[in-house]
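Q: structural data only, the sequence is not supplied:
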């Protein structure tokens, strides 16, 4: 596995699986969270996360809380958001 660890955050398990499967094919290490609270807990337990991919509908209150918590822990973390449409 890659040294790059990605935290995928989405409340829909099928979306987490879709993103996870893609990242695993690229040989990234992937951990999953189903909500912001779980994401923060996992991030604090895994200090080697390189990227966070999160569902955009969690924003803005989610991202303000999570991003400020994570940013205070490490300034080099990258946070990306996914948006879906039906």
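A: Thanks, I have it. Quick caveat, the model's predicted, so the values are computed rather than measured.
Q: what is the strand ranked longest in the chain packed up against?
A: Identified as the longest strand of the chain according to DSSP state E is strand 49-55. Contacts defined by 3 or more C-beta pairs under 8 Å, 6 or more residues apart in numbering; DSSP states H and E place strand 49-55 against strand 5-9, helix 36-45, helix 61-73, strand 78-82. For the C-beta atoms, the positions are set from N, CA and C on the backbone; glycine is no exception.
Q: which stretch in these is the model least sure about?
A: Mean pLDDT is lowest for strand 78-82 among the helices and strands packed on strand 49-55, at a mean of 58.
Q: returning to what we had before: can you list the strands that the longest strand of the chain pairs with?
A: Strand pairing for strand 49-55, determined by DSSP bridges: strand 5-9 (parallel), strand 78-82 (parallel).
Q: how long is stretch 30-41 from one end to the other?
A: End-to-end span of stretch 30-41 (C-alpha to C-alpha, to the nearest Å): 15 Å.
Q: going by neighbour count, list what's buried in that stretch.
A: Neighbour counts over stretch 30-41 (16 or more other C-beta atoms under 10 Å) mark 30, 31, 32, 33, 36, 39, 40 as buried.
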